[in-house]
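Asker: sequence and predicted structure are below.
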Amino acid sequence: MIKKNQVKLRLSVLALALILFSNVWVTAACPQIENQALSVDNPVKEDVLSSEPAWASAYTDWEYRRKHQVSYTVDDRAGTGYQIKITVRFGPEPQGGSYGDVYVSGNCQDDFNDIRFADDDGTELSYWRESYTTSDNAVFWVKLKDSVTHTQYIHMYYGNTLVGTTSDGDATFIFFDDFESGFNRWTVHENNWKTTTSGAYSGSSAWGDADSSGRSLYWIPSSDIDYDIMIHSYVKIPKPADSRTEYVFHQYEADGHGCYGAASRYDDAAFYGGQWNYYSSDNSLTPNWQRWELALDFTYGLYKFYLDGSYKGSQPLVNSLGSSISEVHKVASVTTRYTTSDHYLDNFFIRKWTSSEPPHLVWYAEK
């Protein structure tokens, strides 16, 4: 007959065995639990327990950040280092949230000097501030680190009153010149060039061609460009005094033959696809600053012209002989003929581009 004390002893031994077995099983099956044990010596940070990455180490003095989802493109030629355009607005978030522009509710400097960008892993991202209006909005270009063939996340940091901008066009684009330091980035044909401090589009200087003809500025990349690009610039031209006047902007060379992308001829703009094609005859060019953009779409054998953000059409991507091209080894900002008037160029840059650019998705709540 088993005594009561023996029963209690056997139950105690069984309970102890179960406890020991449970500890052994948990440690073997879930070693991370042991490694992340909550203790004074090894506390688990809040970021480990949440889906949000840690604050970027470079921006620990910034008060706010917003997470942004950038969708993907089906064009696998775009690769890494793609530049996206982001408009930051100073005011409050509109009802329903934001999928395009981002709002900071007055929590950044009024000139947007403290805006910074980082990848989801905390890596700082190069950016260029194209323009801003005090306490209203600013336009930034940001160079992504990861390939745009898949969805990715970046973070915008703001809320630091003690810093200046670190805007850097050279680090952001394939090629960049705001003409603040002369023409040292270019190969110069003829030397009748000048910078002007009067009426630059932005900054203190713009490029100018001083009453001359047959002048060109060329940029020669270190290797041929065989992927899709967009050439951007701001252009200011006078009304020509001579009916033969030509200002050829965004000229490029491939296979040893010239290619003429976009030009002003007489009072109108034109683009070249084996022959000059006028997209309008309404004297659309003005003596004011205008934004000219030319996309070289090697994927589909086209180039596409935009004036002040408005798409004007496309033409076959061919050289002066009418032959298709697949790469570019020289880009000219401008070539002039038959002109006796000054004309100006500012904020010239070249970026990666694809006809299916990755769209902006959601901006997450301010943290």
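Answerer: Received it, and whenever you're ready, just let me know what you need.
Asker: these two touch, right, residue 160 and residue 114?
Answerer: Yes - between residue 160 and residue 114 there is a contact at 4.3 Å, judged by CB atoms under 8 Å. To be clear about C-beta, it is placed using only N, CA and C from the backbone, and glycine gets the same treatment.
Asker: which of those two has more residues huddled nearby?
Answerer: residue 114 (24 against 17; other CB atoms under 10 Å).
Asker: coming back round to it: now do the shared contacts for residue 160 and residue 114.
Answerer: Here residue 160 and residue 114 have residue 62 as joint contacts, going by CB atoms under 8 Å, 6 or more residues apart in numbering.
Asker: all the helices of the stretch 101-250 of the chain, residue numbers only.
Answerer: 169-172 (DSSP state H, counting those that start in this stretch).
Asker: so what's residue 347 up against?
Answerer: Residue 347 touches 130, 178, 201-202, 232-234, counting by CB under 8 Å, 6+ apart.
Asker: show me the domain layout of this structure.
Answerer: As assigned by automatic domain parsing, the chain contains the domains 4-44, 59-168, 175-352.
Asker: and the contacts of residue 347, which is closest to residue 293?
Answerer: The shortest gap between residue 293 and any of these belongs to residue 232, at 5.2 Å (CB to CB).
Asker: next one: that closest one from residue 359, what distance?
Answerer: 20 Å (CB to CB, to the nearest Å).
Asker: swap in residue 124?
Answerer: 24 Å.
Asker: my guess is residue 308 contacts residue 290. True?
Answerer: Yes - counting by CB under 8 Å, residue 290 is a contact partner of residue 308 at 5.6 Å.
Asker: of the two, who's got more company?
Answerer: Applying other CB under 10 Å to residue 308 and residue 290 shows that residue 290 carries more neighbours, namely 18 against 12.
Asker: got the contact list for that one?
Answerer: 234-236, 307-308.
Asker: among the residues you listed, which are in strands?
Answerer: 234-236, 307 (DSSP state E).
Asker: pull the most distant pair out of these.
Answerer: Every pair of those checked by CB to CB; the farthest is 236 and 307, at 13.3 Å.
Asker: before we move on, back to that, which of residue 124 and residue 359 has more neighbours?
Answerer: residue 124 (16 against 13).
Asker: my guess is the more buried one meets residue 118, correct?
Answerer: Yes - shown here, residue 124 and residue 118 form a contact pair, counting by CB under 8 Å, at 5.6 Å.
Asker: who touches both of those two?
Answerer: With CB under 8 Å, 6+ apart as the test, residue 124 and residue 118 both reach 56, 58.
Asker: apart from its neighbours in sequence, what residue is nearest residue 129?
Answerer: Using CB to CB, 6 or more residues apart in numbering and skipping residues adjacent in sequence, the residue nearest residue 129 is residue 167, 4.1 Å away.
Asker: state the distance from the one you found to residue 330.
Answerer: Residue 167 is 28 Å from residue 330, by CB to CB.
Asker: which of the domains of the chain has the lowest average pLDDT?
Answerer: Mean pLDDT values for the domains of the chain show the minimum at domain 4-44, a mean of 42.
Asker: please tell me how far the closest residue in space to residue 106 that isn't next to it in sequence sits from residue 102.
Answerer: Once flanking residues are discounted, residue 106 sits nearest to residue 90: 6.1 Å by CB to CB, 6+ apart. Here the criterion is CB to CB. By it, residue 90 lies 11 Å from residue 102.
Asker: before we move on, what about residue 113?
Answerer: For residue 113, the distance to residue 102 - CB to CB - is 16 Å.
Asker: could you pull out the strands in the stretch 51-200 of the chain for me?
Answerer: Assigned by DSSP state E, counting those that start in this stretch, the strands in the stretch 51-200 of the chain fall at 64-70, 83-89, 102-103, 116-119, 127-133, 137-143, 152-158, 175-177, 187-189, 193-196.
Asker: quick one on the thing from earlier: make a markdown table out of the contacts of residue 347 and add distance to residue 152 and neighbour count.
Answerer: Listed next are the contacts of residue 347 as a markdown table, based on distance: CB to CB, whole Å; neighbours: other CB atoms under 10 Å:
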| residue | distance to residue 152 | neighbour count |
| --- | --- | --- |
| 130 | 22 | 19 |
| 178 | 28 | 22 |
| 201 | 32 | 19 |
| 202 | 29 | 16 |
| 232 | 23 | 22 |
| 233 | 29 | 23 |
| 234 | 30 | 20 |
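Asker: of these, closest to residue 65?
Answerer: Of the contacts of residue 347, the one sitting nearest to residue 65 (CB to CB) turns out to be residue 130, at 21.7 Å.
Asker: touching, the closest one and residue 165? I think so.
Answerer: No - using CB under 8 Å, residue 130 is not in contact with residue 165; the gap is 11.9 Å.
Asker: mind saving the C-alpha coords of stretch 75-83 as PDB?
Answerer: Taking Å, rounded to 0.1, in the frame of the first residue of the first chain, the C-alpha atoms of stretch 75-83 are listed here in PDB:
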ATOM      1  CA  ASP A  75      12.100  47.600 -67.000                       C
ATOM      2  CA  ASP A  76      15.100  45.600 -65.700                       C
ATOM      3  CA  ARG A  77      17.500  48.000 -67.500                       C
ATOM      4  CA  ALA A  78      16.800  50.700 -64.900                       C
ATOM      5  CA  GLY A  79      18.800  48.900 -62.200                       C
ATOM      6  CA  THR A  80      20.200  50.600 -59.100                       C
ATOM      7  CA  GLY A  81      20.900  54.300 -58.600                       C
ATOM      8  CA  TYR A  82      17.600  55.400 -60.100                       C
ATOM      9  CA  GLN A  83      16.600  59.000 -59.400                       C
END
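Asker: give me the buried positions along it.
Answerer: 75, 78, 81-83 (16 or more other CB atoms under 10 Å).
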